[in-house]
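In: Any chance you could fold what I've pasted below:
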Amino acid sequence: MQLFYSPDINEDTVTFSFQKEESKHIAKVLRKKEGDVLHITNGKGWLFIATIVQATVKTCEVAINESKKQVQRPYKLHLAVAPTKINDRFEWFLEKATEIGVDTITPILCEHSERKVIKLARFEKIISAAMKQSLQCYLPTINPLTPLKTFIKEGTHGQGFIAHCETTEKQSLKNCLNSSQDMTILIGPEGDFSATEIALALSNNFTPVTLGNTRLRTETAAIAACHSIAFFYE
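Out: Okay, here's the model as predicted:
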């Protein structure tokens with residue numbers, strides 16, 4: 001199955017026309033034609049099964065035959081991760097986290113951050129492509145770059161965790177999960193969180209956790225956390 005995405009379609013839509021760029025991709029690149037069936041999502045949990053009624057490089061129009069809501073995961077995961085110095089690594093994290101399962105991603109600006117500018121529009125494209133590739137119907141939210149102090153003071157939903165490299169007492173993430181709560185996990189930059197940042201997180205009810213016995217890169221730690229939670233709820 002191939003999944004297409006448009007935020008402009010909803011459960012009440014009867015007919016729908018893709019924009020020019022997507023129409024060209026469907027008609028010219030994929031060589032779809034009238035009568036072919038497409039699967040479409042709006043990123044809000046809905047899957048639409050539609051039949052092409054017109055297929056040109058300028059306009060691809062479909063008629064909706066069926067719509068159904070995809071069952072959502074039994075948890076909501078918010079990953080707050082410092083962008084990596086090498087941008088490709090952070091983009092890899094965005095793709096893989098979306099494939100595994102995440103609801104919200106907030107790039108955070110920390111004291112030791114080496115990357116202080118992000119391309120939000122590009123990140124959004126990577127996430128939507130990963131959603132389609134993994135055949136999911138819920139599009140994760142990607143927030144603007146946010147200072148860590150601001151993020152912590154705005155409050156979190158459910159359990160809050162911070163994964164850092166300091167040799168202080170920490171618990172294994174898998175032993176801290178509560179099946180009845182959503183969660184937020186903080187992952188720091190290559191230089192780790194500062195002592196001040198860790199203290200701020202702890203004073204705001206974030207639990208210090210470990211993701212294993214080895215020192216992980218930022219993007220690896222984020223994926224390890226994401227997969228650990230997905231495995232816990234499997």
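In: Shouldn't Ala129 be within a strand?
Out: No - secondary structure of Ala129 (DSSP: H, G, I helix; E, B strand; the rest coil): helix, not part of a strand.
In: Can you classify Asn10 as helix, strand or coil?
Out: coil.
In: What's the separation between the nearest residue to it once chain neighbours are set aside and Val62?
Out: Nearest residue to Asn10 in three dimensions, chain neighbours excluded: Asn42, at 6.2 Å (CB to CB, 6 or more residues apart in numbering). All C-beta spots, glycine's among them, are computed from the backbone N, C-alpha and C. To Val62, Asn42 is 13 Å away according to CB to CB, to the nearest Å.
In: the more surrounded of these two?
Out: Val62 (26 against 20; other CB atoms under 10 Å).
In: okay but that one is in contact with Ala55, surely?
Out: No - counting by CB atoms under 8 Å, Ala55 is not a contact partner of Val62; they are 9.1 Å apart.
In: mind listing what's buried in the helix or strand bottoming out on mean pLDDT in the chain?
Out: Between all helices and strands in the chain, the lowest mean by mean pLDDT, DSSP states H and E belongs to helix 173-176, at a mean of 87. For helix 173-176, burial by neighbour count (16 or more other CB atoms under 10 Å) applies to Leu173.
In: per-domain residue ranges of the chain.
Out: For the chain, the structural domains run 3-69, 77-232, going by automatic domain parsing.
In: how far does the last one stretch from start to finish?
Out: Looking back up the chat, that one is domain 77-232. Start-to-end span of domain 77-232 (CA to CA, to the nearest Å) is 12 Å.
In: tell me the helices in this structure, going along the chain?
Out: Using DSSP state H, the helices of the chain run over residues 20-24, 87-100, 120-133, 148-153, 173-176, 195-203, 218-232.
In: Nearest to Leu109 among the ones you listed would be which one?
Out: Closest to Leu109 of the helices of the chain is helix 148-153 (CB to CB; 6.5 Å).
In: From the contact counts, what lies against the closest one?
Out: With contacts taken as 3 or more CB pairs under 8 Å, 6 or more residues apart in numbering; DSSP states H and E, helix 148-153 sits against strand 104-109, helix 195-203.
In: Could you check how far Gly158 is from Asp88?
Out: 31 Å.
In: more crowded one of those two?
Out: Gly158 (14 against 9).
In: just checking, the more buried one touches Lys76?
Out: Yes - counting by CB under 8 Å, Lys76 is a contact partner of Gly158 at 7.3 Å.
In: list residues touching both of those two?
Out: 182-183 (CB atoms under 8 Å, 6 or more residues apart in numbering).
In: lowest-confidence stretch among the helices of the chain?
Out: Ranked by mean pLDDT, those bottom out at helix 173-176, with a mean of 87.
In: Show me what that helix is packed up against.
Out: Helix 173-176 packs on strand 159-163, strand 206-210, helix 218-232, going by 3+ CB pairs under 8 Å, 6+ apart.
In: So for Gln2, which of the ones you listed sits nearest?
Out: Short answer: helix 218-232, nearest of those by CB to CB, at 23.8 Å.
In: what does the closest one rub up against?
Out: 75, 77, 79, 81-82, 84, 89-90, 92-93, 96-97, 100-102, 161, 163, 173-174, 177, 179, 183, 185, 187-190, 211-212, 216.
In: Are any of the residues you listed buried, and if so which?
Out: For the contacts of helix 218-232, a neighbour count by 16+ other CB under 10 Å gives the buried set as 75, 77, 79, 81-82, 84, 90, 92-93, 96-97, 100-102, 161, 163, 173, 177, 183, 185, 187-190, 211, 216.
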